[in-house]
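# what's the 3D shape of this:
(2 chains)
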Amino acid sequence: MEQFKVLKAVAAPLPLVNVDTDMIIPARFLKTIKRTGLGKSAFYAMRYDDSGAERPDFVLNKEPYRHSKILIAGANFGCGSSREHAPWSLADFGFRCVIAPSFADIFYGNSFKNGILCITLPQDEIDKLAAKAGSGNTAGGEFTVDLENLAITAPDGAVTSFSLDGTKRNNLLKGLDDIGITLQSAAKITGFEERQRREQPWLYT
Amino acid sequence: MTQPTTLYDKLWNGHVVTSDGDGNSILYVDLHLVHEVTSPQAFEGLRAAGRKVHAPAKTIAVPDHNVPTTADRLQIVRDPEGRLQLEMLEKNCQDFGVPYIPMSDIRQGIVHIIGPELALTQPGKTIVCGDSHTSTHGALGALAFGIGTSEVEHVLATQTLAMKKSKNMRVQVDGKLPPGVTAKDLVLAIIGKMGTSGGTGHVIEFVGEAFRDLSMEGRMTVCNMTIEGGARAGLIAPDDKTFEYLKGRPYAPKGVVWEQAVAYWRTLKSDEGAVFDKEVRLSADELVPYVTWGTSPEDALPITDKVPDPKSFADPAKKAAAVRSLEYMGLKAGTPLEQIKVDKVFIGSCTNGRIEDMRAAAAVFKGRKVAAGVGVLIVPGSGLVKHQAEEEGLDRIFIAAGAEWREPGCSMCLGMNPDTLKPGERSASTSNRNFEGRQGIGGRTHLVSPAMAAAAAITGHLTDVRKI
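The predicted model follows:
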């Protein structure tokens, strides 16, 4: 997995609550056997009209937000289906960071496994960041997300700090693969299975 | 004296392989259910890393999301991408030695229907699947939750997950459900009360008379939709009803081991005085049939109510969401819910595709006709549900009423097989999500129980089934 240290990029505001994973990537695009190529279909219904043409009002169809790597979203982002195609489509579009007041559990976990940093901040902080990203003389300016120092710097220089689980931070900073880490405990897994086989034999018939 | 613990605590503690000081744990998985949509990239990852499936005997795969539901489905999967996913599942299972139930097998069906039906699902197990509705299996007292594809790969390779424990939440519903009010209405009412993120970060245990009184099928409907309330898993403590349901099913323990298993299963309940981080209470006595009006499952109201006015929401974000929902749904504030006309009715899915759901729909359809202009799709959740429904003559009732009786699959619950709504079409659907575009581009979904769906099919508009 790609390491995440410091990200300097345009941030796109998407101030909607309960953006579900069907909105991020509709089910008909799940018929892929690859992890890549879904970026063009991200937010499909919001991004394109019935004829497949871009909706000019949608933030990701505007410059410079077409090149956003940071998404500033609403509460309960990523609710619904467990489809990892949602973070895959965001990553393929170019997003490496989503900032929201809250995330759905499965989406949150899936994102980190794909090198996407999810940052949770109070609604009033989100409102300030979204306003700076989308309007006034800071509109379209670059934000800096520094994972080492757990800080977001807005285009006007204002710094917002955030917190993150130590393990998630460490894995992202180092780009670690979960399976490799777990397999270091392979003997313990086998030991668990041996004990379970004795105590709950019906699980092994 | 030991601290009283919850059912979730017990299931979790019983499966921790190892844990560091920060709560990062490796959790053992007893059953991994696999389907064609969220697994190809996981198997590809194993291949790339030269890894094997750690415990093929604790893994089982079945196609469900992509499969057509028409009688000629074995010959035609017209869409080449869907076909490739189905072929990949079969090939991956062969290559990695994973048990596979093909489309031609009578046991094929929606993964969350066949788990309990075959007794692969058992109390006390940890169960995962690359599908959020894995919460269904919690109805039998199993700790079951949906995972992403990276986690599917992790479980295939290690039979474990690296995760932290969730918090404990309890939803208590006392009293008895009135006639005409079902498990679906109950869970819609609960989600309406707690919101779609009310359970985020928690595992919910459902307690109280209302859940104890439910059939196993009804309990599965409730736990299935736990994820719509934001909680990854829902739990109902196993009881005699659970054991009776499981006994004699294909994968249920037999003989002496059965007795041993039941003795253990009886210990699976929250202790008196166990502490929950969050609680929600409801009374069953006043509940009525529920229906959703918007594009989030929390947009649920009694059928006797009206489409709400966005101005009635205090929270500005909720207000904006309601405006957007009403525009998408093509509805005007103040319209009585019963006046909303439907084009399609869908009865099926992992929420309501079990035999009891088929019976509930048939009871309403019996001796009646589908309203002119309404298309009705009835899709059993598995080949075994289909077989039983046909044994009971339910298919003839549906066909006589003018409904279509189909082959098992996820069907119109999600727009990734041929069964979809057209743009602007409106459905009364027994599925679980009314998200924008969920049943097809521009499709408009009203979530209801099977009996309510059948009532809408007969009248052509959302209808209080208690009047029929």
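
# quick check, the longest helix along chain A touching chain B?
In chain A, taking DSSP state H as the definition, the longest helix is helix A:186-199. Yes. Counting by Cβ under 8 Å from any Cβ of the partner chain, chain B has neighbours in helix A:186-199: A:186, A:188, A:189, A:192, A:193, A:196. Just so you know, the C-beta spots here come from the backbone N, C-alpha and C atoms, and that holds for glycine as well.

# Would you agree residue B:466 falls within a helix?
Yes. Assessed by DSSP: H, G, I helix; E, B strand; the rest coil, residue B:466 belongs to a helix.

# Quick check: closest non-adjacent residue to it.
Leaving aside its sequence neighbours, residue B:466 sits nearest to residue B:180 (Cβ to Cβ, 6 or more residues apart in numbering or on different chains; 4.0 Å).

# ok, now how distant is the one you found from residue B:302?
In this view, residue B:180 and residue B:302 are 12 Å apart by Cβ to Cβ, to the nearest Å.

# anything in contact with each of those two?
B:288, B:289 (Cβ atoms under 8 Å, 6 or more residues apart in numbering or on different chains).

# what are the ranges of the strands in chain A?
In chain A, the strands defined using DSSP state E lie at A:6-14, A:70-73, A:97-100, A:117-120, A:142-146, A:151-153, A:159-161.

# In CSV: these, plus mean pLDDT and distance to chain B.
Listed next are the strands of chain A as CSV, based on pLDDT from 0 to 100; distance: least, Cβ to the nearest Cβ, whole Å:
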stretch, mean pLDDT, distance to chain B
strand A:6-14, 98, 12
strand A:70-73, 98, 11
strand A:97-100, 98, 11
strand A:117-120, 98, 11
strand A:142-146, 98, 22
strand A:151-153, 98, 21
strand A:159-161, 98, 20
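
# Let me have those in JSON lines, adding mean neighbour count as columns.
Shown next, in JSON lines, are the strands of chain A (neighbours: other Cβ atoms under 10 Å in any protein chain shown):
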{"stretch": "strand A:6-14", "mean neighbour count": "20"}
{"stretch": "strand A:70-73", "mean neighbour count": "26"}
{"stretch": "strand A:97-100", "mean neighbour count": "25"}
{"stretch": "strand A:117-120", "mean neighbour count": "21"}
{"stretch": "strand A:142-146", "mean neighbour count": "19"}
{"stretch": "strand A:151-153", "mean neighbour count": "18"}
{"stretch": "strand A:159-161", "mean neighbour count": "13"}
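
# Now distance to residue B:35 too, for the ones you listed, in a markdown table please.
Output for the strands of chain A, formatted as a markdown table (distance: least, Cβ to Cβ, whole Å):
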| stretch | distance to residue B:35 |
| --- | --- |
| strand A:6-14 | 30 |
| strand A:70-73 | 29 |
| strand A:97-100 | 27 |
| strand A:117-120 | 26 |
| strand A:142-146 | 35 |
| strand A:151-153 | 38 |
| strand A:159-161 | 41 |
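
# any idea of the pLDDT on the residue in the stretch 201-350 of chain B positioned nearest to chain A?
Taking Cβ to the nearest Cβ, chain A has its nearest neighbour within the stretch 201-350 of chain B at residue B:253, 3.7 Å off. What the model reports as pLDDT for residue B:253 is 98.

# pretty sure it contacts residue A:205?
Yes. Counting by Cβ atoms under 8 Å, residue A:205 is a contact partner of residue B:253 at 6.4 Å.

# More neighbours: these two, which one.
residue B:253 (20 against 10; other Cβ atoms under 10 Å in any protein chain shown).

# Run through the residues that contact the more buried one.
Contact analysis of residue B:253 by Cβ under 8 Å, 6+ apart lists A:202, A:205, B:122, B:260, B:261.

# what do you get for residue B:196?
So residue B:196 contacts A:18, A:76, A:79, B:228, B:229, B:230, B:296, B:297, B:298 (Cβ under 8 Å, 6+ apart).

# So it lies in a strand, does it not?
No. Judged by three-state DSSP, residue B:196 forms no part of a strand; its state is coil.

# can you give me the strands for the stretch 201-350 of chain B?
With DSSP state E, counting those that start in this stretch, the ranges of strands along the stretch 201-350 of chain B come out as B:202-207, B:233-235, B:278-283, B:290-292, B:300-302, B:344-347.

# Please work out the average pLDDT along the first one.
Per-residue confidence for strand B:202-207 averages out to 98 on the pLDDT scale.

# Please apply the same query to the fifth one.
For strand B:300-302, the mean per-residue pLDDT is 98.

# re the thing from before, so which of the residues of helix A:186-199 next to chain B is the closest to residue B:212?
Distance to residue B:212, by Cβ to Cβ, is smallest for residue A:196 among those, at 29.6 Å.
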